[in-house]
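Student: Quick check, what structure comes out for this input:
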Amino acid sequence: MPLSAKISRDLLTQAIDQSQDGITIADAKKQGFPLVYVNKGFEQLTGYCSDEIVGNSYRILQGSDTEQPGLDAIRAAVAKEEGCRVTLRNYRKDGTMFWNELSISPVHDADGKLTHYIGILKDVTARLMLEQHLHQSNLDLQTLNRQLNTLVYTDHLVGLSNRRHFDEQFTNLLSTAQRTHSELSVLMIDFDNFRQFNERYGRSAGDECLRMVGECVAKSFVRTSDCTARYDSNEFAVVSLAANADELRHHAEKLCEQVRALNIPNSDSSHGVVTISIGGIHRLPDRDSSEAEIIKQADRELLAAKRSGGNRVHITG
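Tutor: Down below sits the predicted model:
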């Protein structure tokens, strides 16, 4: 290979990998057009690493939000083996929504047969929010801020706060507890055997299960000093002020019972239904306590609950 060609190929590879936009390659020869390549820009934009996303289709970014005009436009273009550009509501790995301007372009081989689709993803959330602001300038500021907060701080799938909101609320509540010498409670809530559940019953059933359990979590902690959130893909978190240890344990055990009572079938569970484990801490934080340290302690209790067989509560003072 001529040196100039090698340099050009190396530069092209580096340019693609370093692009701030997400760049993907999908296999058009296989059903569902699974992705065979994503660059670092895609990983940073979506929170998914290459190993997690390769082999899946773009649909993983829509989750259950499938009723979008842009998706119809994509299907129409693909049916004609054409390219298109659409704007979609997409969801990062942590559940946060962003507006994605997706451009797809077909690639054909020497015989003219469609082989791949190249995709370019751009986060245009800020631009669309500005356009919405200008379009709805007749709305008062309070209404607009409420809409923005709902978009930025709510997990679309389960309707709880998202990780971003939880982190901010946790910081505020920890500061309040340290300043007023109040006790702080943190619970980490995870499903038992949820990976097997998704593999056996499918992603759609998994999403519905998350919604149902998320509703139970929200109803269990409703005080103004409580913050409940979808902390990770299948993990919930609660931070609370002023609850005593017995009350906290009672609420946690009752939540486990409520989830069992949903009677969501799970043949991989010894209980035959979906169950959860809860780990947490309840103590007076000292001046040097950090959010990361407290979460780590609660996670250790959660792990202990799961290792003890699941469907139980481990809370330490």
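Student: now the strands for the stretch 51-200 of the chain?
Tutor: Assignment of strands within the stretch 51-200 of the chain using DSSP state E, counting those that start in this stretch yields the ranges 84-91, 97-108, 114-123, 184-191.
Student: which stretch among those comes nearest Asp27?
Tutor: strand 114-123 (6.2 Å; CB to CB). Where you see a C-beta, it was placed from the backbone N, CA and C, and this is true even at glycine.
Student: circling back to that earlier point, just send the strands of the stretch 51-200 of the chain back as TSV, with distance to Gly55 too.
Tutor: Putting the strands of the stretch 51-200 of the chain into TSV (distance: least, CB to CB, whole Å) gives the following:
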stretch	distance to Gly55
strand 84-91	18
strand 97-108	18
strand 114-123	15
strand 184-191	23
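Student: Turn these into JSON lines, including mean pLDDT and distance to Ser290.
Tutor: As requested, the strands of the stretch 51-200 of the chain are arranged in JSON lines below (pLDDT from 0 to 100; distance: least, CB to CB, whole Å):
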{"stretch": "strand 84-91", "mean pLDDT": "94", "distance to Ser290": "29"}
{"stretch": "strand 97-108", "mean pLDDT": "94", "distance to Ser290": "29"}
{"stretch": "strand 114-123", "mean pLDDT": "95", "distance to Ser290": "30"}
{"stretch": "strand 184-191", "mean pLDDT": "95", "distance to Ser290": "12"}
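Student: so which of those strands is the most packed in?
Tutor: Greatest average neighbour count among these goes to strand 184-191 (a mean of 26), per mean count of other CB atoms under 10 Å.
Student: Partner strands of that strand and their direction?
Tutor: strand 235-241 (antiparallel), strand 276-283 (antiparallel) (DSSP bridges).
Student: between these, which gets nearest to Gly47?
Tutor: Closest approach to Gly47 among the strands paired with strand 184-191 (CB to CB): strand 235-241, 14.5 Å.
Student: could you dump the helix or strand that the closest one is followed by to CSV, C-alpha only?
Tutor: Tracing the chain C-terminally past strand 235-241 and defining elements by DSSP states H and E, one meets helix 245-261 next. Extracted C-alpha coordinates of helix 245-261, given in CSV (Å, rounded to 0.1, in the frame of the first residue of the first chain):
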residue,chain,number,x,y,z
ALA,A,245,-34.3,3.8,61.7
ASP,A,246,-37.3,1.8,62.6
GLU,A,247,-39.6,3.8,60.3
LEU,A,248,-37.0,3.5,57.5
ARG,A,249,-36.8,-0.3,57.9
HIS,A,250,-40.6,-0.6,58.0
HIS,A,251,-41.0,1.4,54.8
ALA,A,252,-38.3,-0.7,53.1
GLU,A,253,-39.7,-4.0,54.2
LYS,A,254,-43.2,-2.9,53.1
LEU,A,255,-41.8,-1.9,49.7
CYS,A,256,-40.4,-5.4,49.3
GLU,A,257,-43.8,-6.8,50.1
GLN,A,258,-45.6,-4.5,47.6
VAL,A,259,-43.2,-5.5,44.8
ARG,A,260,-43.9,-9.2,45.5
ALA,A,261,-47.6,-8.4,45.6
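Student: what would the strands paired with strand 184-191 look like in TSV with mean pLDDT, mean neighbour count and distance to Pro106?
Tutor: Shown next, in TSV, are the strands paired with strand 184-191 (pLDDT from 0 to 100; neighbours: other CB atoms under 10 Å; distance: least, CB to CB, whole Å):
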stretch	mean pLDDT	mean neighbour count	distance to Pro106
strand 235-241	93	24	39
strand 276-283	94	24	45
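Student: To Leu128, which of these lies closest?
Tutor: Once CB to CB is applied to the strands paired with strand 184-191, the stretch that comes out nearest is strand 235-241, at 29.2 Å.
Student: quick one: that closest one to chain centroid distance?
Tutor: Taking CA atoms, centre = their mean, to the nearest Å, one finds strand 235-241 lying 16 Å from the centre of the chain it belongs to.
Student: Many thanks, we can stop here.
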